[in-house]
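Visitor: Return a 3D structure for these sequence lines:
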Amino acid sequence: MKRFIELVFYLVIIYMIISEFKRDRKREYKYLIVGFFALFFRQAVMSIILFSRIFSVNGFMRFGVLIWFIDTYLETAALILIVSAFVFPAFKEKTFTFQKRIIYSLYLVTIIIFGTYFLFKAGFFEQQYVAIILNLVQVGVLISPFFLFSKGKYRNIHFPRSILLAFFIYLLLPLSSIIGLLYNGSVDERLFVAQHPLPFLSILLLMRTVYLKLVDKAFLTSKLKKSENMVKHERELNKLKDHFISVVSHELRTPITSVKLYLSLLKKGKFGNISRKQDDAIRRLIDENNRLSDLITNLLTINRIEANKIVLDKTDFYFNEIIDDLYINIARNKGIEVINKVGKRLKVHADKKMLKQVYINLMNNAIKFSEKSGRIELKSGREKNGWSFSIRDTGIGISNDEIPKLFNKFYQVDNTFTRKNQGIGLGLSIVKNIVELHNGRIDVESEPGKWTEFKICVPFKE
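Guide: As a prediction, the model looks like this:
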């Protein structure tokens, strides 16, 4: 009856694993199927033999001792396969070596058990010592996962404690038999009865572990599917956002260009003389129009960077060609002194348009955070394996905690001065991306309340 109940549990476990194996043909499931099928086969064979011995006229009476050895052998071989199935994830990278170990273990158990049988039949061993040997073989098999886990080879194994507890409970069966045999010379009937639930409890625990594995996998699969749907949705939103930014930015450029043209004509007096106050107002409008134009350029650039659509058009040119007097004049009109120490003979190999944007964004940043009577210093020079350009201002400065965050998209230093000079926080992110596209780097040094220096270093043409 006990073996028949265990048969039902083995069938349930095998069905669960086969169902999962059909969906995901992992080698781990294959080992589990083979292992539990071996236990099922052992119980089926022994159930037939025991049924025949009780209810059949002929039965297997003349094979009494041999049946005991066959039962022990089938159980031990099944245990080897079960242990291997549960520890296999620790050897996924060494599958061939792992398979050889299983085969060698089965060969060794076969030789020991049936060698002991023939020696027993020849009269070399008494039944008590034979029982001890057979139980020791099972102890060796069941204790192997404890040795493996003590070495730390269980990181890829799920629910290791449940697995070890199941094998420990099963281990109590041969251990208690050995103790009984050594102490009394035989296994006491009360101990024999007490041993009956142990394999059953062990299999229940292993069944629970298999169930938790499959449920955990089903949960992770469901979660992964949700994540994939979310990622897909985010990608679609990003595409819509990119398309929107691209369309709006291009549409805004036309009126901004027209505004810039007419403001320039107004300033030159093409529509009549203008007063000093009108000239000052026009100058402010030109500055704001340029600021808006730079903002649109930044939006388009960051959009292209994120879409990996920027291909550098590198040429040889003198670096001072990108130093636009427009932004120097904007700074001076604000009352900021500009010291230009950019060398006229520094030849570089880079994308001129992209580096111009780097200069504009760094210059705008310096102007924005420098107060009237402040100073901005531009420098360029040669480094060991390349060239450098730096902008140093006497503005509000940046704390050390803020520096690592400066190049994050949409990040802005949170202070009163920043809020008075609002932007969208794209300039420095674009600068960093453009510099890195040139295989360069950007460094920041600052002393709060005193000064800030941005320095880019780019290697020479290879």
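
Visitor: avg pLDDT for stretch 55-72?
Guide: Stretch 55-72 shows a mean pLDDT of 70 in the predicted model.

Visitor: what helix or strand is the closest residue to S144 other than its chain neighbours on?
Guide: Once its chain neighbours are removed from consideration, S144 has its nearest residue in V83; the separation is 6.1 Å (C-beta to C-beta, 6 or more residues apart in numbering). In this view, the C-beta of every residue, glycine as well, is placed from N, C-alpha and C. Of the helices and strands defined by DSSP states H and E, V83 is found in helix 64-87.

Visitor: Mind listing what's buried along that helix?
Guide: By neighbour count, with 16 or more other C-beta atoms under 10 Å as the criterion, the buried positions of helix 64-87 are 67, 69-87.

Visitor: how about V348, secondary structure?
Guide: strand (DSSP: H, G, I helix; E, B strand; the rest coil).

Visitor: who touches it in this structure?
Guide: V348 makes contact with 316-319, 355, 387, 458, 460, according to C-beta atoms under 8 Å, 6 or more residues apart in numbering.

Visitor: from the residues you listed, which would you call buried?
Guide: Of all the contacts of V348 considered here, the ones buried according to neighbour count by 16+ other C-beta under 10 Å are 319, 355, 387, 458.

Visitor: Kindly state the pLDDT recorded for the last one?
Guide: Right, V458. V458 is assigned a pLDDT of 91 by the prediction.

Visitor: is it in a bridge, and if so with what?
Guide: For V458, the beta-bridge partners under DSSP bridges are W387.

Visitor: neighbours of D401, just the number please.
Guide: Neighbours of D401 under the rule other C-beta atoms under 10 Å: 7.

Visitor: Can I take it that it is in a helix?
Guide: No: D401 is assigned coil when assessed by three-state DSSP, not a helix.

Visitor: Heading C-terminal from the lowest-mean-pLDDT helix or strand in the chain, find the next helix or strand.
Guide: When the helices and strands of the chain are compared on mean pLDDT, DSSP states H and E, helix 416-420 comes out lowest with a mean of 46. Helices and strands here follow DSSP H and E; after helix 416-420, the next one along the chain is helix 427-437.

Visitor: residues of that next one that come out buried?
Guide: Along helix 427-437, the positions that meet the burial threshold by neighbour count (16+ other C-beta under 10 Å) are 427-435.

Visitor: So which other helices or strands are in contact with the helix holding V83?
Guide: helix 27-55, helix 95-121, helix 127-150, helix 160-184, helix 197-267 (3 or more C-beta pairs under 8 Å, 6 or more residues apart in numbering; DSSP states H and E).

Visitor: which non-adjacent residue is nearest F389?
Guide: S380 (4.8 Å).

Visitor: what about the one you found, how many residues close to it?
Guide: Residue crowding around S380 was assessed by other C-beta under 10 Å; the count is 20.

Visitor: Could you check how far it is from L312?
Guide: Counting by C-beta to C-beta, to the nearest Å, the gap between S380 and L312 amounts to 20 Å.

Visitor: got it, and F125?
Guide: Taken as C-beta to C-beta, the span from F125 to L312 is 83 Å.

Visitor: between the two, who's got more neighbours?
Guide: Neighbours of F125 and L312, each counted by other C-beta under 10 Å, are more numerous for F125; the result is 16 against 13.

Visitor: Tell me the predicted confidence for that one.
Guide: Taking F125 on its own, its pLDDT is 79.

Visitor: so where do the helices sit in the stretch 251-400 of the chain?
Guide: Secondary structure of the stretch 251-400 of the chain by DSSP state H, counting those that start in this stretch: the helices cover 276-306, 325-333, 352-368.

Visitor: quick one: contacts for F88?
Guide: 27-28, 31, 98.

Visitor: Which two of the residues you listed have the greatest separation?
Guide: Among the contacts of F88, the pair separated by the greatest distance (C-beta to C-beta) is E28 and F98, at 11.1 Å.

Visitor: Tell me how far the residue nearest to S144 lies from S105.
Guide: 9 Å.

Visitor: Over to V193?
Guide: For V193, the distance to S105 equals 31 Å [C-beta to C-beta].

Visitor: same thing with E337?
Guide: From E337 over to S105 (counting by C-beta to C-beta), the distance is 84 Å.

Visitor: Also L7?
Guide: In this view, L7 and S105 are 25 Å apart by C-beta to C-beta.

Visitor: Likewise for F192?
Guide: The spacing between F192 and S105, counted by C-beta to C-beta, is 28 Å.

Visitor: For the two, indicate the residue with more neighbours.
Guide: Taking other C-beta under 10 Å, F192 and S105 do not tie; S105 has more neighbours (19 against 13).

Visitor: who's in contact with that one?
Guide: Contacts here follow C-beta under 8 Å, 6+ apart; on that basis S105 touches 80, 141.

Visitor: quick revisit: quick check: neighbours shared by V83 and S105?
Guide: Overlap between the contact sets of V83 and S105, as judged by C-beta under 8 Å, 6+ apart, is given by V141.

Visitor: which stretches of the stretch 301-450 of the chain aren't confidently modelled?
Guide: Along the stretch 301-450 of the chain, the model assigns pLDDT under 70 to residues 410-424.

Visitor: Tell me which residue lies nearest the centroid of this structure.
Guide: By C-alpha atoms, centre = their mean, the chain has its centre lying nearest to L224, at 13.1 Å.

Visitor: Read off the pLDDT value for that residue.
Guide: Per-residue confidence for L224 comes out at a pLDDT of 72.

Visitor: again with the one 4 residues further on
Guide: Each residue has a pLDDT score; the one for E228 is 78.

Visitor: thought Y359 was touching D325?
Guide: No: with contacts defined as C-beta atoms under 8 Å, Y359 does not count as touching D325, sitting 11.9 Å away.

Visitor: Which residue, neighbours along the chain excluded, lies closest to F146?
Guide: Leaving out its chain neighbours, the residue that sits closest to F146 by C-beta to C-beta, 6+ apart is L164, at 6.4 Å.

Visitor: The one you found: what's it in contact with?
Guide: Taking C-beta under 8 Å, 6+ apart, one finds 145-146, 149 in contact with L164.

Visitor: Over to F271?
Guide: Taking C-beta under 8 Å, 6+ apart as the contact definition, F271 lies against L265.

Visitor: Retrieve the pLDDT associated with it.
Guide: In the predicted model, F271 carries a pLDDT score of 82.

Visitor: what's the spacing between it and N290?
Guide: In this structure, F271 lies at 21 Å from N290, with C-beta to C-beta as the measure.

Visitor: Distance check, the residue nearest to T95 when sequence neighbours are not counted against A350.
Guide: Counting by C-beta to C-beta, 6+ apart, the nearest residue to T95 once its immediate chain neighbours are dropped is R27, at 6.6 Å. R27 sits 53 Å away from A350, going by C-beta to C-beta.

Visitor: out of the two, which sits in the more crowded spot?
Guide: When R27 and A350 are compared on other C-beta under 10 Å, the one with more neighbours turns out to be A350, at 24 against 15.
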